[in-house]
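J.: Just the structure for this:
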Amino acid sequence: MALAIGDDVFADTQRLERRHNQEIIPMLDGLYQSAGLAVRDTELVSFSAGPGGFTGVRIAASVAQGVAMACGCPVVPQRCSDILVRSWAQCPPTLELVISVVPSRAQSFYVSAHSGGAGMWSQQYTDQLCDAAPEWLRDIAASADLQPTAVAIIGAMPVWLPDELKACSRGEVIPDARAMISTARSTHEEGRSVSAEFALPIYIQGDSPWRKRQSGATS
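T.: The predicted structure follows:
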C-alpha cells in the first residue's frame, strides 16, 4: 500500500496471510496520518484489480471504490501481473521476456508474458487461467533461441511447466504498491481512469469455481 504526494511516497508493505479484511483499513489510516492528510484530500486511487485471489481482489476493489466515492475522485484499476513485473527490483538488464504465474486454485494459474525490457514492459500474452501449459508457452520452451538469461518466470512453478523453462524460474515477487504510482498517474493523464462505480475486479474466462449442475443431478 502506498500514498504519494508529488515525489514523496509513504508506503507500508506487509504479508497479511488472509488477514486483509482486518488490517487494510488500519494500514490505510496509518499512511494518511504519516502523510498528514485526510482521506478527503485524495485526488486519484489505484488498486490491483486482478486476476488473482478472489477474496483479495474483491477487498481491494471495495476499498478503492469506498475511498473514491467518498472523495469524488477517479480510479485506475491495474492488472496484478503488470504490478508484479514492475515490482521485480532484481530484474536483470538482459531480460527480454518475463512470464508471470499467479496461483488460482490447485494446479490452475493465471499466466501472462511481458516483453520490452525494464521500464518498458507491456503484455505480449494477456492473462489466461491455465491448468496446462498454453500453446504460446510451449512454443517459447521449444524455441531453439531460448536463453535462460533473456527469459524469466516469476511467481509459482506449476508442475506442468515445460522442463526447458524450469531453469528460468526466479521465484516469488512481492507486489510493491510504489511500482503502481507512475502508471496510475500516466493512465489518468491519458484519460483512461474511471469513476468509482466502474472500478471493478478483472475476471477472465474460467475464473469462477462454480460448475453447472449436470442434467438429472439431485441436491
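J.: Can you list the neighbours in contact with the helix-or-strand element of the chain with minimal mean pLDDT?
T.: Least confident helix or strand of the chain, by mean pLDDT, DSSP states H and E, is helix 20-35 with a mean of 87. The contact list for helix 20-35 (C-beta atoms under 8 Å, 6 or more residues apart in numbering) reads 1-3, 5, 8, 10-12, 14, 16, 38-39, 55-56, 59, 63, 67. C-beta coordinates here come from the backbone N, C-alpha and C atoms, glycine included.
J.: Filter the residues you listed down to just the buried residues.
T.: Buried members of the contacts of helix 20-35, scored by 16 or more other C-beta atoms under 10 Å, are 1-3, 10, 56, 59, 63, 67.
J.: Number of residues surrounding residue 121?
T.: When neighbours are defined as other C-beta atoms under 10 Å, residue 121 has 19 of them.
J.: From residue 107, how far off is it?
T.: Using C-beta to C-beta, to the nearest Å, one gets 26 Å for the distance from residue 121 to residue 107.
J.: ok so, going back, give me the subset of the buried ones among the contacts of helix 20-35 lying in strands.
T.: If you go by DSSP state E, the buried ones among the contacts of helix 20-35 have 2-3, 10 in strands.
J.: would you list those in JSON lines and tack on pLDDT and distance to residue 186?
T.: As requested, these are arranged in JSON lines below (pLDDT from 0 to 100; distance: C-beta to C-beta, whole Å):
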{"residue": "2", "pLDDT": "96", "distance to residue 186": "16"}
{"residue": "3", "pLDDT": "97", "distance to residue 186": "18"}
{"residue": "10", "pLDDT": "96", "distance to residue 186": "20"}
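J.: Residue 82: which of those residues is nearest?
T.: Residue 82 lies nearest to residue 2 out of those, by C-beta to C-beta, at 15.6 Å.
J.: Bridge partners for that closest one, pull those for me.
T.: Judged by DSSP bridges, the bridge partners of residue 2 are residue 11.
J.: Buried residues, the least confident helix or strand of the chain. List them.
T.: Neighbour-count burial for helix 20-35 flags 20, 24, 28, 31-32 (criterion: 16+ other C-beta under 10 Å).
J.: how near is the residue positioned nearest the centre of the chain to residue 61?
T.: Nearest to the geometric centre of the chain sits residue 80, at 0.9 Å (C-alpha atoms, centre = their mean). Distance, residue 80 to residue 61, using C-beta to C-beta: 12 Å.
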